[in-house]
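[1] I'll drop the sequence and a predicted model, then ask my questions.
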There are 2 protein chains.
Amino acid sequence: MRDFDEKNITEAVVDRFQSTPDPRLKTIMTSLVRHLHDFVRDVELTTDEWYVAIDFLTRTGQICSSTRQEFILLSDTLGVSMLVDAVNHRMPKGATETTVQGPFYVENPPEFPQGFDISRGLKGEALFVSGTASSAQGGALPHAVVDVWQSDTDGYYDVQRTDLSEPTLRARFRADAQGRFFFWSILPSAYPIPHDGPVGQMLVATGRHPWRPAHLHFMISAPGHEKLITHVFVQGDRYLDSDAVFGVKNSLIREYLREPPGVAPDGTKMERPWRRLNYDFCLKSTAT
Amino acid sequence: MRDFDEKNITEAVVDRFQSTPDPRLKTIMTSLVRHLHDFVRDVELTTDEWYVAIDFLTRTGQICSSTRQEFILLSDTLGVSMLVDAVNHRMPKGATETTVQGPFYVENPPEFPQGFDISRGLKGEALFVSGTASSAQGGALPHAVVDVWQSDTDGYYDVQRTDLSEPTLRARFRADAQGRFFFWSILPSAYPIPHDGPVGQMLVATGRHPWRPAHLHFMISAPGHEKLITHVFVQGDRYLDSDAVFGVKNSLIREYLREPPGVAPDGTKMERPWRRLNYDFCLKSTAT
C-alpha cells in the first residue's frame, strides 16, 4: 500500500499489526496507534512540536538510571499511573484503597525484626507505626510481608542521597500470627518529585508545582491475596489537594498523633514528644 | 482534589493544566492527557503491561546517541511521522509531495560543486542524478539549496559505519541560476531500519519486517518557499508496498534508468553500464 494521507494512514498502520502473534499485544498496539494518531490530528501537531516531543522523550529516557525513573515520573504527573492503578484495582467493599507505587521502591528491602528503627539514627521527629494486615473477606493475614519506605525530614529518599551506606527509611517486616506489625521511624516530609529533569521542565512550563504531601509507602503481600501497594498520608499536609501525582484518597489519610514524652506502646521510654500512626490494612482476596 | 477514580481522573489532570501560560502548550497537554487516558481505559492496561511500557520507553531513550535516534524510528514505525508530515504539508496542486525525514539526516552537510561524486569511491552501480527546483506557482528557483543523503550498496548510511573518515553519500549542492543541479553517486539499496534495539523488538513481536525500499533523500530550500523534505524511490523495489515507515507515495517513485557504457550527460566517459535519475521538484510558496 502507498499514498497514505492524514485520513487513511491510521487504518494502514493498524493493518500492519494484523499478523501480531499475541492477540493481547495486537489489541494494545491497535488501540495505541488509533489514539496516538487521533491526538496528532486533534492538535494538528506541527513538525517543530514533533521535534520537541522526540527530544523530550529522548531526554526522559537518558536521565533514567538505577536510582531514577523519569518515565514513571512522567506517567505519574500525567495521571496515567493513578489511572492504571484504578483500572487494575476495582476494590471490593472493605478493602484498603491503592495508590501509586512511585519511583523509589527498591526490590527486596532488608528484613528487620518488629520494632526496628528504620531511620537508622537520621534526625527527625520519632514515629511509632503499628498496623494489621487482614483479608477484606475477614480474618487476619498471619505473617504477611510488609514492605515500607518513605522520605526523610528533608523530603529525600535514601536512593537520592549519596551519604548513606545502607538502605535507610526502607525495610521489610513480617507480621505476627495475628497479622500485626510495628516499627519505629521518623515523620516523613512533603517533598517535590525530582524536578531537575525533563518532567520538572514540563511542570514549570505548565505552571504546576512538583510537591507531594507527606506519606508512608506500604506494599503488603499475603498468600491468596492481591499485593496491596498504597500510602498513608499525613493529615493536615498542605499538598493533600494538589498532589503532583494525583495519588491522594481520603481513606488513606490518617492523623499522625502527637504524643507527649512517656512510654511508647512497645515499652520504649520517650524523653521528647513523638508521633504515633496506626493503620489497619485489608487486602483483596484473589479467590473472587 | 482527592479520590480520583478511573472516571474522574482525566478531567482532574486536565484541570491541573489550566494555568499553563502558553495557550498552545495547554491545548497540546490537554489533548495528550485525554487521548492517553482513553487508550489506558480502552485496553484496560494491566500493571505488568504498564511496566513493560515504562521499560520499553526507557530503553528507547537510552539507546539514542549522536548517530542513532530510536524515538524517531518508533514514531516512523507507528506511522506517526508520516501523519505529522501529512498534517503539515497539505500541498497545492503541482507541488512535490513530502515524506519522512528519517533519522539519518546530518545538519549542514559538506557543500560540493555540481557534478561531484558523493560516493567518494565506495563500490556500487554508478548513478547520475539531475533535477530542477521550481516553484509550484511557476518559475525556477535559482540557487536553491539541495541537500541529499542516501544508503550505500549494503543499505547503510555513513553514520552507521565506523570505517569512514568523512561524510559520504551526503552533500549539499547549490542549483544554478535556472534551478538546475546534477551530481554523481551510486545506486541506493533497500535496507532494514536499525532493528537491534527496542523498535526492532517491537517489529519482531508484531510480525513486521524492518525494510525500507531503496530511495534518495532530498531536502530543498529556497527563499519564499517551504522547505521540501522528500525521497525519490527506486521503481521496482520489492518493499514499495510494505515500507516499514509508511513513506511511499506513487508520485515519488521513478525509474532509475539503466544506461549502456558511453558518454554521460556531463561528458563523463562511462566504461560500464550506469544508471540515470531525473526528478523535477516543485516547492510550495509560503506566500499563500
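    The structure has been received and is ready for your questions.

[2] buried set for stretch A:46-66?
    A:47, A:49-50, A:53-54, A:56-64 (16 or more other C-beta atoms under 10 Å in any protein chain shown). The C-beta positions use only the backbone N, C-alpha and C, and glycine is treated the same way.

[3] those helices in the stretch 101-250 of chain A, which residues are they?
    Secondary structure of the stretch 101-250 of chain A (DSSP state H, counting those that start in this stretch): helices at A:198-205.

[4] Tell me the residue of it that sits nearest chain B?
    residue A:207 (3.6 Å; C-beta to the nearest C-beta).

[5] Then chain A?
    For chain A, C-beta to the nearest C-beta, closest residue to chain B: residue A:61, 1.1 Å.

[6] what about stretch A:99-115 and chain B, any contact?
    No. Using C-beta under 8 Å from any C-beta of the partner chain, stretch A:99-115 never reaches chain B; the gap is at least 8.7 Å.

[7] Check which helices and strands whichever strand or helix holds residue A:81 sits against.
    Take DSSP states H and E as the rule and residue A:81 turns out to sit in helix A:80-88. Contact partners of helix A:80-88 among helices and strands, from 3 or more C-beta pairs under 8 Å, 6 or more residues apart in numbering or on different chains; DSSP states H and E: helix A:70-77, helix B:9-16, helix B:23-43, helix B:47-62.

[8] any chance of these in JSON lines, plus distance to residue B:129 and mean pLDDT?
    As requested, these are exported to JSON lines (distance: least, C-beta to C-beta, whole Å; pLDDT from 0 to 100):
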{"stretch": "helix A:70-77", "distance to residue B:129": "43", "mean pLDDT": "96"}
{"stretch": "helix B:9-16", "distance to residue B:129": "51", "mean pLDDT": "97"}
{"stretch": "helix B:23-43", "distance to residue B:129": "39", "mean pLDDT": "98"}
{"stretch": "helix B:47-62", "distance to residue B:129": "34", "mean pLDDT": "97"}
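
[9] Can you tell me which of those helices is nearest to residue A:226?
    Closest of the helices and strands packed on helix A:80-88 to residue A:226 is helix B:47-62, at 10.3 Å (criterion: C-beta to C-beta).

[10] mind exporting that closest one as CSV, just the C-alpha atoms?
    The C-alpha trace of helix B:47-62 is given here as CSV (Å, rounded to 0.1, in the frame of the first residue of the first chain):
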residue,chain,number,x,y,z
THR,B,47,0.1,-3.0,35.8
ASP,B,48,2.5,-5.5,34.3
GLU,B,49,1.9,-4.1,30.8
TRP,B,50,2.5,-0.6,32.2
TYR,B,51,5.8,-1.7,33.5
VAL,B,52,6.7,-3.2,30.1
ALA,B,53,5.8,0.2,28.5
ILE,B,54,7.9,2.1,31.0
ASP,B,55,10.8,-0.2,30.4
PHE,B,56,10.4,0.0,26.6
LEU,B,57,10.3,3.8,26.6
THR,B,58,13.3,3.9,28.9
ARG,B,59,15.4,1.6,26.7
THR,B,60,14.3,3.5,23.6
GLY,B,61,15.7,6.7,25.2
GLN,B,62,18.9,5.1,26.4
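
[11] which residues are contacting it?
    A:28, A:57-62, A:64, A:69, A:71-72, A:75, A:80-81, A:84-85, A:88, B:43, B:45, B:70-71, B:74, B:197-199, B:202 (C-beta atoms under 8 Å, 6 or more residues apart in numbering or on different chains).

[12] Could you do stretch A:275-287 as well?
    A:89, A:91-92, A:94-96, A:125-137, A:141, A:144, A:187, A:216, A:218, A:220, A:222, A:224-226, A:228, A:230, A:232, A:254, A:256-259, A:264-265.

[13] Quick one, which of those are buried?
    In the contacts of stretch A:275-287, the ones that pass as buried (16+ other C-beta under 10 Å) are A:89, A:91, A:95-96, A:125-137, A:141, A:144, A:187, A:216, A:218, A:220, A:222, A:225-226, A:228, A:230, A:232, A:256, A:259, A:264.

[14] nearest residue to the residue of chain A closest to chain B other than its sequence neighbours?
    residue B:61 (1.1 Å; C-beta to C-beta, 6 or more residues apart in numbering or on different chains).

[15] just to revisit the earlier point, hmm, the residue of the stretch 101-250 of chain A closest to chain B is touching residue B:25, no?
    No. Using C-beta atoms under 8 Å, residue A:207 is not in contact with residue B:25, being 9.8 Å away.

[16] Which residue ranges of chain A form strands?
    A:126-135, A:145-150, A:170-174, A:180-186, A:191-192, A:211-212, A:215-221, A:228-234, A:253-254, A:257-259, A:262-263, A:269-270, A:274-283 (DSSP state E).

[17] For the ones you listed, give me JSON lines that also has mean pLDDT.
    JSON lines is the format used below for these (pLDDT from 0 to 100):
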{"stretch": "strand A:126-135", "mean pLDDT": "98"}
{"stretch": "strand A:145-150", "mean pLDDT": "98"}
{"stretch": "strand A:170-174", "mean pLDDT": "98"}
{"stretch": "strand A:180-186", "mean pLDDT": "98"}
{"stretch": "strand A:191-192", "mean pLDDT": "94"}
{"stretch": "strand A:211-212", "mean pLDDT": "97"}
{"stretch": "strand A:215-221", "mean pLDDT": "98"}
{"stretch": "strand A:228-234", "mean pLDDT": "97"}
{"stretch": "strand A:253-254", "mean pLDDT": "98"}
{"stretch": "strand A:257-259", "mean pLDDT": "97"}
{"stretch": "strand A:262-263", "mean pLDDT": "97"}
{"stretch": "strand A:269-270", "mean pLDDT": "97"}
{"stretch": "strand A:274-283", "mean pLDDT": "98"}
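
[18] returning to that earlier point: how about the helices and strands packed on helix A:80-88 in CSV, adding distance to residue B:148?
    Compiled in CSV, those are given as follows (distance: least, C-beta to C-beta, whole Å):
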stretch, distance to residue B:148
helix A:70-77, 37
helix B:9-16, 45
helix B:23-43, 33
helix B:47-62, 29
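
[19] Could you work out which of these reaches nearest to residue B:114?
    Evaluated over these, closeness to residue B:114 peaks at helix B:47-62, with 40.2 Å, by C-beta to C-beta.

[20] And the pLDDT for residue A:288?
    Each residue has a pLDDT score; the one for residue A:288 is 57.

[21] Residue A:245 contacts residue A:102, correct?
    Yes. Residue A:245 is in contact with residue A:102 according to C-beta under 8 Å; the separation is 7.4 Å.

[22] got any residues that touch both of the two?
    Going by C-beta under 8 Å, 6+ apart, residues that sit against residue A:245 and also against residue A:102 are residue A:76.

[23] gap between the closest residue to residue A:211 other than its chain neighbours and residue A:214?
    With sequence-adjacent residues excluded and distances taken as C-beta to C-beta, 6+ apart, residue A:211 is closest to residue A:239, at 4.6 Å. From residue A:239 over to residue A:214 the distance is 8 Å, taken as C-beta to C-beta, to the nearest Å.
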